[in-house]
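J.: For reference, the sequence and a predicted model appear below.
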Amino acid sequence: MTSHKTPASTRLPYIDWMRGLAAVIMLQGHAFHAFAKPELRTSGPYVLSQFIGGMPPAIFLFLVGITLAFLMDSRERKGMAPAARVLAALKRGGFLFGIAFLFRLQLWLFAWPYSPWTDLFKVDILNAMGLAVAVFSPMALFRTVERVRLCAALGLAIALASPLASQVDWSGAPPLLKAYIAPDFFYFGFFPWASFVAFGMSAGSLLRLARAEQIERLMQWGALTGFGLILAGQYFANIPYSIYPSSDFWLDSPWLVLIKLGVMLLILSFAYLWTQYVVRDRWSWVRQFGLTSLLVYWVHVELMYGRWLWFWKENLTIGQTVAVAVAFILAMLALSVVRTQWKNWRLMGSWLSWYLLRPRRTMGE
């Protein structure tokens, strides 16, 4: 790949589309998790919903890595000093940490007095994003072409080390430190989730190095690589022996990380082709979600897991849960549209007010 660089762009449609798809999958997964009856949680529809619903966190982290790579490349092209580039990345991590704390604070306040104060420090996906961005900020010291290889190797190293992190005796460590670092079914620990941010930084650096006419070929190679990673991950996950003394496939397996990475590369390639040749300049409801994914995430978690819909919690049939999931998707889509069009509507309202209230001349004037 040559070192020619694509011009900076405010938004890439295929990135927004991929983020929006993750938001839609997230909404249905959380709807099933929050509202389906407990006795239905071994049924096929519920298992399928949760299996597919395991992809959005990885996608969000992967896309954070891509945007972080864009940030580092932009600062590099502007000629900023290495220390300033690292500081810019650290500020991005600090922003994510701030959003994560405000999110937990709002949930705690709205659930008071029934929520324990420890909920303020729950390690959610926003916390995982902030930690990974802060840890990977020194990658800004390297050139974009170097980050392609270094971040790919870093992501692979984190994935391979995840089973080992599970075997560490964390009994003497503070619970909060363990939640941030160790693999856990209830938290987003650095192992293995940060590997997706590193892989995203590698992919984002590669996108910045490619010329505009090379992007389509790059996506084709990405799809082929995705298929290869899925097959390789399945193969190594099914062999009868392992290099690890103990490993849980659904918790810390590096092969699951590779499978998810392969799926994400396929989605990224499809998103590019779909937005480039089908959607083009038209409005896309999936991409709309990607424009306001943080708002959608924040509001739907409060509505689904807060006290608002207590009468539906773990009380619905599969059909009723599907209906609620569809209703939530439509409601969050409406919220997203209002959010993106609010500025335009305010400008239109100001112009209309001026037009209606402007002084008018009489016939005699």
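T.: Sure thing, it's come through. Numbering: from 1, shown residues only.
J.: okay, CA-based contacts and neighbour counts for the rest of this
T.: Fine.
J.: Centre of the chain to stretch 206-220, how far?
T.: How far stretch 206-220 lies from its chain's middle: 22 Å, per CA atoms, centre = their mean, to the nearest Å.
J.: now do stretch 52-61
T.: 7 Å.
J.: Let me know the pLDDT of the residue nearest to the spatial centre of the chain.
T.: Geometric centre of the chain, nearest residue: residue 60, 1.1 Å, by CA atoms, centre = their mean. Note on residue 60: pLDDT of 98.
J.: same deal with the one 5 residues further on?
T.: Per-residue confidence (pLDDT) for residue 65: 98.
J.: A strand includes it, no?
T.: No - according to DSSP: H, G, I helix; E, B strand; the rest coil, the state of residue 65 is helix, so it is not within a strand.
J.: Can you name the residues that contact it?
T.: By CA atoms under 8 Å, 6 or more residues apart in numbering, the contact set of residue 65 is 133, 196, 197, 198, 199, 200, 201, 202, 204.
J.: so can I have a markdown table of the residues you listed showing neighbour count, pLDDT and distance to residue 227?
T.: Output for the contacts of residue 65, formatted as a markdown table (neighbours: other CA atoms under 10 Å; pLDDT from 0 to 100; distance: CA to CA, whole Å):
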| residue | neighbour count | pLDDT | distance to residue 227 |
| --- | --- | --- | --- |
| 133 | 28 | 98 | 28 |
| 196 | 34 | 98 | 17 |
| 197 | 31 | 98 | 20 |
| 198 | 33 | 98 | 20 |
| 199 | 26 | 98 | 16 |
| 200 | 31 | 98 | 17 |
| 201 | 33 | 98 | 20 |
| 202 | 27 | 98 | 18 |
| 204 | 26 | 98 | 19 |
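J.: Looking at the residues you listed, which is nearest residue 325?
T.: Taking CA to CA as the measure, residue 325 sits nearest to residue 196 out of these, at 27.2 Å.
J.: Spatially nearest residue to that closest one (excluding sequence neighbours)?
T.: residue 62 (4.8 Å; CA to CA, 6 or more residues apart in numbering).
J.: How about the contacts made by the one you found?
T.: Contacts of residue 62 (CA under 8 Å, 6+ apart): 196, 197, 198, 199, 200, 201.
J.: possible to save those residues as JSON lines with distance to residue 42?
T.: Below are the contacts of residue 62 laid out as JSON lines (distance: CA to CA, whole Å):
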{"residue": "196", "distance to residue 42": "29"}
{"residue": "197", "distance to residue 42": "32"}
{"residue": "198", "distance to residue 42": "34"}
{"residue": "199", "distance to residue 42": "33"}
{"residue": "200", "distance to residue 42": "34"}
{"residue": "201", "distance to residue 42": "37"}
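J.: Just flag the most distant two among these.
T.: Across the contacts of residue 62, the longest distance by CA to CA is 8.6 Å; it joins 196 and 201.
J.: one step back: dump the residue contacts of the residue nearest to the centre of the chain.
T.: 19, 22.
J.: ok, back up a step: in terms of distance to residue 316, which of the contacts of residue 62 ranks first?
T.: Among the contacts of residue 62, and counting by CA to CA, the member closest to residue 316 is residue 196, at 34.2 Å.
J.: which element is the closest one on?
T.: Per DSSP states H and E, residue 196 falls inside helix 190-209.
J.: where's residue 339 relative to residue 332, distance?
T.: Separation of residue 339 from residue 332 (CA to CA, to the nearest Å) stands at 10 Å.
J.: Please say which of these two ends up with more neighbours.
T.: residue 332 (23 against 14; other CA atoms under 10 Å).
J.: ok, that one touching residue 297?
T.: No - using CA atoms under 8 Å, residue 332 makes no contact with residue 297, being 9.2 Å away.
J.: Where do the helices of the stretch 1-150 of the chain begin and end?
T.: Using DSSP state H, counting those that start in this stretch, the helices assigned to the stretch 1-150 of the chain run over residues 13-35, 44-52, 55-77, 82-111, 125-136, 144-167.
J.: which residues touch the last one?
T.: Meaning helix 144-167. Against helix 144-167 from outside (CA under 8 Å, 6+ apart): 3, 69, 72-73, 139, 182-183, 191-192, 194-199, 201-203, 205-206, 208-209, 244, 246-248, 252-254, 257.
J.: List only those of these flagged as buried.
T.: The neighbour-count criterion (16 or more other CA atoms under 10 Å) marks 69, 72-73, 139, 182-183, 191-192, 194-199, 201-203, 205-206, 208-209, 247, 252-254, 257 among the contacts of helix 144-167 as buried.
J.: if I look at residue 283, how far off is residue 291?
T.: 12 Å.
J.: of the two, who's got more company?
T.: With neighbours defined as other CA under 10 Å, residue 283 and residue 291 compare such that residue 291 has more, 21 against 9.
J.: ok, that one touching residue 18?
T.: No - using CA under 8 Å, residue 291 is not in contact with residue 18; the gap is 10.5 Å.
J.: picking up where we left off before, so the helix holding residue 196 versus helix 55-77, what angle?
T.: Angle between the axes of helix 190-209 and helix 55-77 is 50 degrees (criterion: axes from the mean of the first three to the mean of the last three CA atoms, to 10 degrees).
J.: and the angle for the helix or strand that helix 190-209 is followed by with helix 190-209?
T.: Next helix or strand after helix 190-209 toward the C-terminus (DSSP H and E): helix 215-238. Counting by the same axes, to 10 degrees, helix 215-238 lies at 160 degrees to helix 190-209.
J.: Please name every helix or strand in contact with the helix or strand just after helix 215-238.
T.: Beyond helix 215-238 on the C-terminal side, the first helix or strand identified by DSSP H and E is helix 249-252. For helix 249-252, the elements it packs on are helix 144-167, helix 254-274, judged by 3 or more CA pairs under 8 Å, 6 or more residues apart in numbering; DSSP states H and E.
J.: Okay then, goodbye and thanks.
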